[in-house]
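build the 3D model from these lines:
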Amino acid sequence: MIATLIGGTGLTGSFLLRRLLADSDITTAISISRKPSNLSNPKLTEILVSDLAELPSIAPRIRGGFYFCCLGTTIKKAGSKESFENVDHDAVIAFAQIAKAHDAHSFTLISAMGANENSLFFYNQVKGRTENQVKALGLRSLIIFRPALLAGPRREFRLGERIATTLLVPLARLFPTSIQKMIITETDVLAARMLAEGKTASSGIHILRAKTI
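Numbering: from 1, shown residues only. Below you'll find the model as predicted:
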């Protein structure tokens, strides 16, 4: 099995990449990112791109059977709404189109709990539009994850997210698991579910909400 991952140096993607490399069913893990993972493994093929707009040009080099999309940024980090859309919408769609062209067995995508193109919030609007356009591609098997606040060791510093996790993670621990899942999603748990679902999901569209992750 050949797995193709984009966003493998991010919070969830880094956990998923390690799981792909450790999985005996995966013979090759192709990782597309803008910076190296600093991992060494004979199963790993890294393709570095300076701009995600390059995706169509590298399509022949990233052919796989199972595609995993862990792309995600913030407007603050991207610098503008347009740049944010370039990552969270344009690059996701381009990656999904490549998976479709390669007749992928599955395409697994991290979206957001509030994804809705009619949302009052720009972030959720973009996530909703992205979901709808990926759905329209007619992929053989599409798995969309809508996690809660992601909790894990992020490389980059995000003040708002750091404050939220500092406050919410201890609070969530006080509640039953069913409620915890609606507040936070552990990144390693999410990565494990992405791999499991991507490998075994049946045809059609599958949406996994925070409470089921």
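
use CA for all of it now, contacts and neighbours both
Fine.

which residues are in contact with the residue nearest to the spatial centre of the chain?
Computing the C-alpha centroid of the chain and ranking residues by Cα atoms, centre = their mean puts residue 70 first, at 2.1 Å. Counting by Cα atoms under 8 Å, 6 or more residues apart in numbering, residue 70 makes contact with 5, 6, 7, 8, 10, 12, 13, 109, 110.

farthest-separated two in these?
Greatest spatial distance among those (Cα to Cα): 10 and 109, at 13.8 Å.

about what we covered before: buried members of the contacts of residue 70 into ChimeraX, please.
A single ChimeraX command selects the buried members of the contacts of residue 70 (16 or more other Cα atoms under 10 Å):
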select :5,6,7,8,10,12,13,109,110
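
if you look at the contacts of residue 70, which of them are in strands?
5, 6, 109, 110 (DSSP state E).

may I see those residues arranged in JSON lines, with distance to residue 80 as well?
Output for the ones in strands among the contacts of residue 70, formatted as JSON lines (distance: Cα to Cα, whole Å):
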{"residue": "5", "distance to residue 80": "25"}
{"residue": "6", "distance to residue 80": "22"}
{"residue": "109", "distance to residue 80": "23"}
{"residue": "110", "distance to residue 80": "21"}
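
looking at those, spot the one nearest residue 206.
Using Cα to Cα, these come closest to residue 206 at residue 109, 10.4 Å.

just to revisit the earlier point, export the ones in strands among the contacts of residue 70 to a markdown table and tack on pLDDT?
Conversion of the ones in strands among the contacts of residue 70 to a markdown table gives the following (pLDDT from 0 to 100):
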| residue | pLDDT |
| --- | --- |
| 5 | 98 |
| 6 | 98 |
| 109 | 98 |
| 110 | 97 |
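
now stretch 194-210: mean pLDDT?
Mean per-residue pLDDT for stretch 194-210: 95.

what distance separates it from the middle of the whole chain?
The chain centre lies 13 Å from the centre of stretch 194-210; the measure is Cα atoms, centre = their mean, to the nearest Å.

and the residue nearest to the centre of the chain, how close does it get to residue 15?
Distance, residue 70 to residue 15, using Cα to Cα, to the nearest Å: 10 Å.

what do the two both touch?
Common neighbours of residue 70 and residue 15 (Cα under 8 Å, 6+ apart) are residue 8.

next one: the helix or strand hosting residue 85 to chain centre, how far?
Element membership for residue 85, per DSSP states H and E: helix 81-85. Averaging C-alpha positions (Cα atoms, centre = their mean) puts helix 81-85 17 Å from its chain's average.

following the chain past that helix, name the next helix or strand.
That would be, after helix 81-85 and using DSSP H and E, helix 92-101.

show me what that following helix is packed up against.
Helix 92-101 is packed against strand 66-69, helix 122-135, with contacts defined by 3 or more Cα pairs under 8 Å, 6 or more residues apart in numbering; DSSP states H and E.

that one: which residues count as buried?
92, 93, 94, 95, 96, 97, 98, 99, 100.

tell me which stretches of the chain form strands.
Counting by DSSP E, the strands of the chain are 2-6, 28-33, 44-48, 66-69, 106-110, 141-146, 149-151, 184-186, 204-209.
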